[in-house]
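**Q** For reference, the sequence and a predicted model appear below.
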Amino acid sequence: MATLVLSGARSRAERELVREWTETTYGGNGVRVVPDGARELAGALDGAGPDTTVVPVRVVWPPAERASSDAPALGDLLSLSARRRGLRHAHARVRGWSPARGRVVAGDAATVEQLRREGDQEVGAPDGAGFVAFVRRRATLACDRAERRLTGDRYKVPRLMAEQIVASSAVRARAEALARELGMSVDDVLARTASCLAEMAAVQSPPAIEAFRSVMSPLHRRAWDLDVDTSSLPDLRELGRTRPLVFLPSHRSYADPLVLAEVLHAHDFPRNHVLGGNNLAFWPLGTLGRRAGIVFIRRSFGDDAIYKFAVREYFGHLLDKRFNLEWYIEGGRTRTGKLRPPKYGLLRYLVDAADQLPADSPGYDPLLVPVSLHYDQLHEVGALAAEQGGAGKKAEGLGWLAGYMRDQQRRIGSARIRFGEPVALRAALDDAGDGPSQLEKVAFRVCVGINRATPVTPTSVVTFALLGAAGRALTFEQVRGVVAPVRRLLADEPAIGDLDADDGLAETLERLVSVGVVERFDEGPQTVWSIGPDRHHVAAFYRNGVLHHLLTRAVLETALVAVADSGRDLTGDQVLEACWEEALALRDLLKFEFFFPRKRDFRDELLGELERLAPGRDAPTSTGAVADLLGKADLLVAPRTLLPFVESQWVVATVLAEHGGASGGALEDRGPFLDACTGLGQQWWRQQRLQGADVVSRELFTTALRAADNRGLLGADATPAARAAWRDEVAAVRDRLRRAGEREGELREEVLGAAPQ
């Protein structure tokens with residue numbers, strides 16, 4: 001049987017290695033070595049019989065063994081670059097450094113008859129130039145797979161992406177339908193699709209990946225130590241061998257993609273295709289990043305049907321070829337320190353792309369992987385807090401990049417990376433059911449997974465405690481006293497074990513002092529600590545990182561307050577049912593601020609918190625027993641957990657109730673409305689009608705507007721009475737939390753009074 005060795009050799013040194021390999025493997029009998037150029041391959045295929053076996057080969061120059069987390073060395077980059085045509089002179093030098101360095105790898109073989117059959121199925125070209133292009137692409141991909149057996153999955157990179165997509169017969173059929181819709185020719189649609197793909201598609205290469213890691217490492221390596229829970233990564237890596245993984249991390253820092261990439265690289269995951277806005281595509285980040293896996297997508301597609309078509313086909317191709325994806329489901333960095341409401345656009349494209357694939361494709365049912373990225377501290381948090389207060393966002397560019405890199409040179413704690421339970425897309429869609437809210441439910445399920453994976457940090461616990469001190473400066477003993485009950489409530493969180501020792505608490509305080517969040521006063525008889533002037537937004541950013549761990553407890557406390565204050569004569573199971581009704585009402589009020597689990601899971605969590613609130617005691621069976629239960633609690637977290645968000649909603653509801661006067665009217669322009677909310681919030685803060693300065697937040701006001709819109713209160717048909725009813729509902733919840741805050745203040749004074757002064 002005849003054999004064609006399709007050689008990807010790029011230099012004299014590589015051709016010699018292929019010749020030696022061919023003689024050793026086949027003995028030189030009945031074997032023809034053919035360069036993989038189009039002209040040479042076309043001639044060889046024309047003269048080949050259907051049983052001729054085609055064996056693609058390539059010379060690989062693997063770098064020396066190094067720890068996967070090490071920064072790449074110059075020799076590594078040269079070795080990884082050695083296949084590039086422009087560096088063919090380096091092949092002999094690399095081989096000279098180490099005779100065994102050059103390795104010939106062979107991809108999966110196929111007969112000419114098999115290739116013609118598959119070429120006809122994929123691109124509709126069993127012969128001619130289209131078939132030759134198909135064979136060349138097939139050889140490249142086969143050699144890529146063989147090469148990864150030497151270099152590891154971390155260097156799995158896509159090749160000839162745009163060419164494969166536009167050459168596909170299935171894509172052409174969908175392009176024909178779009179062409180009819182747009183009144184264009186199919187060739188014009190495909191040409192514009194290819195242009196869009198060239199704009200967005202990542203063109204990865206191992207040298208670029210290593211260069212990108214090296215160039216970008218100053219943005220994160222010195223700022224944080226990595227604290228990674230690796231327990232789930234082996235199983236996740238195995239799952240990724242059979243189906244694509246879609247990583248959906250929380251977004252707190254510009255450095256998030258770099259930190260996550262280092263973790264996955266160190267554990268031999270293929271490079272993710274990271275979807276990012278084209279606002280970051282400036283030189284050199286855009287030039288190098290695109291070659292290292294970053295997909296720069298327009299921030300707005302408008303009505304560009306062909307661009308949308310290109311995005312969908314690009315996603316489908318990546319899924320079908322089992323390449324991993326990554327994007328940030330919040331759509332931007334959090335300004336408040338907790339998860340933002342998710343964006344659904346990219347998730348919609350993912351579902352549409354997967355739906356276009358056959359059911360036996362690995363990309364038909366990708367796994368969604370929630371990822372929590374959480375930091376002890378962030379250098380950029382000051383700018384985030386300023387934006388929350390209404391300041392403009394600084395435009396990204398080369399000057400911005402230089403300043404950011406300079407800020408990141410100082411060590412500020414740990415970056416904590418946790419991976420949530422993977423979610424199969426098909427099962428999540430089925431659980432969500434049909435209807436307009438299907439994607440929203442899937443996205444919320446991912447966000448719940450992120451929150452569950454997010455660890456509590458010492459910084460978040462200390463800021464939670466200090467912000468509850470009502471502006472009072474505390475001695476070290478008093479700080480320890482207000483931190484201790486929070487620490488006990490979060491006893492299952494190992495990441496804050498350092499707070500159990502004085503040294504750990506002191507270190508956390510000093511870190512907060514070093515970045516200006518906490519002010520230390522040393523000029524009196526005793527050193528005291530307090531939240532620094534005008535730093536409440538920054539402190540709240542860190543505090544909010546712990547709120548999802550306290551959310552269920554806070555809702556339970558608020559529901560109990562509502563039942564205790566209701567004046568209703570409740571007995572037996574009526575008490576728990578009344579608490580459940582109040583909890584559901586509060587859940588509905590705050591559903592755009594927090595991510596709640598499904599109702600059946602939420603009820604189980606509430607009952608679990610009730611047991612923790614009164615360990616060893618029966619559930620309350622009367623209204624008086626509820627009041628007694630609250631009176632005996634040693635910690636109430638509801639005011640600090642929920643009140644900032646309820647009061648922010650109260651500000652928006654008040655302004656909205658007065659919008660348009662007695663006749664009401666639609667809210668047309670949100671900019672001036674948010675300005676009015678900011679003005680009223682600033683006034684009420686100065687009048688001490690709000691709990692803290694962090695209530696005055698355009699981000700929180702915007703979320704409150706979503707809640708109002710969900711209730712139909714922004715349109716022209718919204719009545720002043722309906723808007724006033726919402727304001728009164730929010731005000732009633734605020735009053736309950738204020739009363740709980742009074743009880744919390746009594747508990748705090750007991751702690752502070754017991755601590756040495």
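**A** Looks like it came in fine. Residues are numbered from 1 along each chain as shown.

**Q** who's in contact with Arg32?
**A** Each residue near Arg32 by C-beta atoms under 8 Å, 6 or more residues apart in numbering is listed here: 2-5, 44. Any C-beta I mention is one placed from the backbone N, CA and C, and that applies to glycine too.

**Q** Among these, name the buried ones.
**A** 3-5, 44 (16 or more other C-beta atoms under 10 Å).

**Q** For Arg411, state which of those is nearest.
**A** Val5 (53.7 Å; C-beta to C-beta).

**Q** so what does whatever helix or strand Arg600 lives in touch, helix or strand wise?
**A** Arg600 belongs to helix 599-613 when assigned by DSSP states H and E. Counting contacts by 3 or more C-beta pairs under 8 Å, 6 or more residues apart in numbering; DSSP states H and E, helix 599-613 is packed against helix 547-565, helix 573-589.

**Q** So what touches it?
**A** With C-beta under 8 Å, 6+ apart as the test, helix 599-613 has contacts from 489, 552-553, 555-557, 559, 579-580, 583-584, 587, 596-597, 619, 629, 633.

**Q** what is the mean pLDDT for the longest helix along the chain?
**A** The single longest helix within the chain, with elements called by DSSP state H, is helix 720-754. The average pLDDT within helix 720-754 is 88.

**Q** same thing with stretch 579-587?
**A** On average, the pLDDT along stretch 579-587 is 96.

**Q** residues making contact with it?
**A** Applying C-beta under 8 Å, 6+ apart, the contact partners of stretch 579-587 are 555-556, 558-560, 562-563, 596, 599, 602-603, 606, 626, 642, 733.

**Q** one step back: tell me the angle the helix holding Arg600 makes with helix 573-589.
**A** 120 degrees (axes from the mean of the first three to the mean of the last three C-alpha atoms, to 10 degrees).

**Q** Go ahead and measure how far helix 599-613 is from the middle of the chain.
**A** 28 Å (C-alpha atoms, centre = their mean, to the nearest Å).

**Q** buried sites along it?
**A** Residues of helix 599-613 classed as buried by neighbour count (16+ other C-beta under 10 Å): 602, 605-606, 609-610, 613.

**Q** could those go into CSV alongside pLDDT and distance to Ala310?
**A** CSV is the format used below for these (pLDDT from 0 to 100; distance: C-beta to C-beta, whole Å):
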residue, pLDDT, distance to Ala310
Phe602, 94, 41
Glu605, 94, 43
Leu606, 94, 47
Glu609, 92, 49
Leu610, 92, 53
Leu613, 87, 54
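
**Q** coming back round to it: so which of the contacts of stretch 579-587 is the closest to Val482?
**A** Using C-beta to C-beta, the contacts of stretch 579-587 come closest to Val482 at Leu642, 18.7 Å.

**Q** show me the contacts for that closest one.
**A** When contacts are counted by C-beta under 8 Å, 6+ apart, Leu642 touches 554-555, 558, 586, 590, 737.

**Q** returning to what we had before: after the helix holding Arg600 comes which helix or strand?
**A** With secondary structure assigned by DSSP H and E, helix 599-613 is succeeded by helix 623-632.

**Q** Could you list the domains of this protein?
**A** Domain ranges of the chain: 3-151, 197-372+412-453, 458-533, 640-754, per automatic domain parsing.

**Q** what does stretch 33-48 rub up against?
**A** Counting by C-beta under 8 Å, 6+ apart, residues outside stretch 33-48 touching it are 2, 4-9, 18-19, 22, 32, 54, 56, 112, 129, 131-133, 135-136, 139.

**Q** still on that earlier bit, mind checking which of the domains of the chain is nearest Gly572?
**A** Using C-beta to C-beta, the nearest of these to Gly572 is domain 640-754, at 23.5 Å.

**Q** Any idea how far that closest one is from the middle of the chain?
**A** 29 Å.

**Q** follow-up on the earlier one: nearest to Ala175 among the buried residues of helix 599-613?
**A** Distance to Ala175, by C-beta to C-beta, is smallest for Phe602 among the buried residues of helix 599-613, at 46.1 Å.

**Q** For the closest one, give its distance to Val555.
**A** Going from Phe602 to Val555 by C-beta to C-beta, to the nearest Å gives 9 Å.

**Q** Repeat that for Arg237.
**A** Distance of Arg237 to Val555, computed by C-beta to C-beta: 37 Å.

**Q** more crowded one of the two?
**A** More crowded of Arg237 and Val555, by other C-beta atoms under 10 Å: Val555, with 26 against 16.

**Q** What residues does the more buried one make contact with?
**A** The contact partners of Val555, taken as C-beta under 8 Å, 6+ apart, are 583, 586-587, 606, 638, 642.

**Q** cool, Ala146 as well?
**A** So Ala146 contacts 58, 105-108 (C-beta under 8 Å, 6+ apart).

**Q** Now, of those residues, which are buried?
**A** For those, buried by 16+ other C-beta under 10 Å: 58, 105-107.

**Q** now, which of these sits nearest Gly468?
**A** Looking across the buried ones among the contacts of Ala146 and measuring by C-beta to C-beta, the closest to Gly468 is Val105, at 61.9 Å.

**Q** Chain neighbours aside, what residue packs nearest to that closest one?
**A** Closest residue to Val105 apart from its sequence neighbours, by C-beta to C-beta, 6 or more residues apart in numbering: Ala146 at 4.0 Å.

**Q** how close does that neighbour sit to Val34?
**A** In this view, Ala146 and Val34 are 18 Å apart by C-beta to C-beta.

**Q** now swap in Phe596 and tell me
**A** For Phe596, the distance to Val34 equals 63 Å [C-beta to C-beta].

**Q** Tell me which of the two has more neighbours.
**A** It is Phe596, of Phe596 and Val34, that has more neighbours when counted by other C-beta under 10 Å, with 23 against 16.

**Q** Next, that one: secondary structure please.
**A** For Phe596, the assignment made with DSSP: H, G, I helix; E, B strand; the rest coil gives coil.

**Q** Who are the contact partners of it?
**A** 448, 551, 587, 602 are the contacts of Phe596 under C-beta under 8 Å, 6+ apart.

**Q** Tell me where the stretch 51-200 of the chain has strands.
**A** Remark: strands assigned in the stretch 51-200 of the chain by DSSP state E, counting those that start in this stretch are 53-60, 103-106, 110-111.

**Q** Also the stretch 351-500 of the chain?
**A** For the stretch 351-500 of the chain, applying DSSP E, counting those that start in this stretch gives strands covering 367-375, 414-419, 423-424, 474-475.

**Q** So for Gly660, which of those strands sits nearest?
**A** The closest of these to Gly660 is strand 367-375. By C-beta to C-beta, the value is 41.7 Å.

**Q** Report the angle between that closest one and strand 414-419.
**A** Interaxial angle of strand 367-375 relative to strand 414-419 (the same axes, to 10 degrees): 160 degrees.

**Q** List the residues that contact the closest residue to Cys447 other than its chain neighbours.
**A** Spatial nearest neighbour of Cys447, chain neighbours left out: Phe595 (4.4 Å); criterion: C-beta to C-beta, 6+ apart. Phe595 is in contact with 339, 444, 447-448, 451, 548, counting by C-beta under 8 Å, 6+ apart.

**Q** which of these tops the neighbour count?
**A** Going by other C-beta under 10 Å, Leu339 tops these with 25 neighbours.

**Q** Could you tell me how far the nearest residue to that residue once chain neighbours are set aside is located from Gly420?
**A** Sequence neighbours aside, Cys447 is the residue nearest to Leu339 in space, at 5.5 Å (criterion: C-beta to C-beta, 6+ apart). Counting by C-beta to C-beta, the gap from Cys447 to Gly420 is 10 Å.
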